[in-house]
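# pasted the sequence and its predicted model underneath.
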Amino acid sequence: MRQFNFYLITDTHYFKNSLGAYGKEYNEFMRFEQKCFAETQSINESVFNYLKNACEADTLLIAGDLSFNGEKESHLAFIEELKKLKKSGKDIYVITADHDFKEHPFAFDKTGRLEPEGTSREELFDLYYDYGFSQAIAVDKKHLSYVAQLCEGLRLLALNNDGSETGKREFDEEQMAWIEEQVKKAKEDGQMMIAMNHYPLIPAQPIMSVVNTSYQRNSIDAINLLADGGVHICFTGHMHNQSINEYITEKGNKFYDVCTGSIIADPSVIRLVKIIDEKTVDISSIETPDFDYPTQGKECKQYLSDMFDNMILNVFSDMENNPQRAMRKLGIADKKNAETIVKQFGKLLNKLTVGGFARMMMIKCDKSIKHRLLKDYAAELVRIVFEGNQGFVEGTPEGDVFIAFVRRIKPILKKLHLKGFDRKEVDLYDALINSAGNYGIDDYNATLTF
């Protein structure tokens, strides 16, 4: 097969701004949001304008969560953007996910929370028919999945696992059988096959293996089916996380999960994927362009990363100043007797430095960061887990403190017997170290071989 290039974005979460994204309740809602809301229309338009003129590929893949929460008008406006991009010469293949048919979408204005018209799951096939289904050589309409021939010798297995039937994000037996049939047929026809699935099959970072909402249920079964059948790479989204992870099946077959950050949250990324040949895929990443929205003079990257940090810092602030709100966010609002403890703990967290924390834990801390507030350190730590290429590695001031801390609590971690996505017990010490620091594949630019 000849080399084939395509762009990939995910989690566009398009929201038609005229539906309402302002007011007191909107501001309260956004205190704890990683992703943009009012800005999403501008961000999408900026990204699509870039892609119209981008010349390294004529194909775009979008890996699910197309709308913010399934608002009908958001879908219709987003499709207009797709039409413009298609008219510019781009072939477009999308999948939908659970944010595309929420039962109660919402918006905000000065009167409070609104509920615009939603979209049923049954409508999605017709709405997005021209962006994958119409070009398909095989369709599983029930599961909103399809197979498309991207070029001679290369097929796309576009999968939806929104859990509409069972409420669980997994492939049911019927869909697994369909996937197996399509994988087998591609092999018989001498076709290379790549997959696109909204939910990660491999957790983006090792510690996320113990958070079962961060990856698809029973993903190990899907990985074995795909990799052992000749499908060695899947492009995913959902977690708004930038990562590339590898898994080798018991039969010795490689499988890569390439998860891409949402364009409307930090990290906001466009992937350029080059299928060099049947055994080589080159991946590079492009920062999304600045967008037309009041950003306090900040460039796109800074605006979105500050928004992410504020999501974390607002929790710390509320623990001290509004413990009930913080408790609601932390899911412990019913623990009324914990309010005083939360407030006192919040006071401590908001003034404690990294050096002070290190003294409490009896670990070393480099003088270059000892006066830094612990809450700022913690916010950056959480953010880089999502941004990928995590920099808290051994030999850096930040990394050495974190590693020393994890080493200090290692006896406690050993007593926690938690299983991960592959149904094996997770080494929590190793998982934490390798989640704060990236010692593996570059999450932005890498050449993958099968």
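Right, received. Where do you want to start? Residues are numbered from 1 along each chain as shown.

# and for residue 242, the neighbour number?
Residues lying near residue 242 (other Cβ atoms under 10 Å) number 23. C-beta coordinates here come from the backbone N, C-alpha and C atoms, glycine included.

# got the CA coordinates for the helix or strand of the chain with the lowest mean pLDDT in CSV?
Scoring the helices and strands of the chain by mean pLDDT, DSSP states H and E places helix 323-329 at the bottom, with a mean of 85. Extracted in CSV, the C-alpha atoms of helix 323-329 (Å, rounded to 0.1, in the frame of the first residue of the first chain):
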residue,chain,number,x,y,z
PRO,A,323,-16.5,23.6,52.5
GLN,A,324,-20.0,22.6,51.6
ARG,A,325,-19.4,23.4,48.0
ALA,A,326,-16.1,21.5,48.1
MET,A,327,-17.8,18.5,49.7
ARG,A,328,-20.4,18.4,47.0
LYS,A,329,-17.7,18.4,44.4
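
# tell me which other helices or strands whatever helix or strand comes next after it touches.
Next along the chain after helix 323-329, taking DSSP states H and E as the criterion, comes helix 339-351. Helix 339-351 is packed against helix 300-321, helix 323-329, helix 374-387, with contacts defined by 3 or more Cβ pairs under 8 Å, 6 or more residues apart in numbering; DSSP states H and E.

# and for the last one, what are the contacting residues?
What it means is helix 374-387. 34, 204-205, 207, 239-242, 261, 266-267, 305, 308-309, 312-313, 316, 349-350, 352-354, 356-357, 369, 390-392, 398, 401-402, 435-436 (Cβ atoms under 8 Å, 6 or more residues apart in numbering).

# picking up where we left off before, columns mean neighbour count on top of the helices and strands packed on helix 339-351, output as CSV?
Shown next, in CSV, are these (neighbours: other Cβ atoms under 10 Å):
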stretch, mean neighbour count
helix 300-321, 19
helix 323-329, 18
helix 374-387, 20
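
# next one: residue 393 from residue 312, what distance?
Per Cβ to Cβ, to the nearest Å, residue 393 is found 21 Å from residue 312.

# repeat that for residue 87.
41 Å.

# and the nearest residue to residue 38 once chain neighbours are set aside, bridged to which residues?
The shortest distance from residue 38 to any non-neighbouring residue, by Cβ to Cβ, 6 or more residues apart in numbering, is to residue 21 (3.6 Å). With DSSP bridges as the criterion, residue 21 is bridged to residue 108.

# what about residue 21, how many residues close to it?
Residue 21: 21 neighbours (other Cβ under 10 Å).

# which strands and helices sit next to the helix or strand where residue 76 lies?
Following DSSP H and E, the helix or strand that holds residue 76 is helix 72-87. Applying 3+ Cβ pairs under 8 Å, 6+ apart, one finds that helix 72-87 contacts helix 40-53, strand 91-95.

# only the buried residues of stretch 281-300, if you could.
Buried residues in stretch 281-300, counting neighbours by 16 or more other Cβ atoms under 10 Å, are found at 281, 283, 285-286, 288, 291, 293, 295, 300.

# cool, stretch 84-102 as well?
Result for stretch 84-102 [16+ other Cβ under 10 Å]: buried residues 85, 90-101.

# for stretch 176-193, same thing?
178-179, 182-183, 186, 191-193.

# for the stretch 101-250 of the chain, which segments count as strands?
107-109, 112-114, 136-140, 145-151, 154-159, 192-197, 233-236, 243-248 (DSSP state E, counting those that start in this stretch).

# turn the ones you listed into TSV, columns for distance to residue 333 and mean pLDDT.
Shown next, in TSV, are these (distance: least, Cβ to Cβ, whole Å; pLDDT from 0 to 100):
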stretch	distance to residue 333	mean pLDDT
strand 107-109	22	98
strand 112-114	19	96
strand 136-140	41	98
strand 145-151	39	98
strand 154-159	37	98
strand 192-197	34	98
strand 233-236	33	98
strand 243-248	32	97
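
# of the ones you listed, which approaches residue 410 most closely?
The closest of the strands of the stretch 101-250 of the chain to residue 410 is strand 243-248. By Cβ to Cβ, the value is 24.0 Å.

# returning to what we had before: ok, the residue nearest to residue 38 touching residue 37?
Yes - in this structure, residue 21 is within contact of residue 37 by Cβ atoms under 8 Å, at 5.1 Å.
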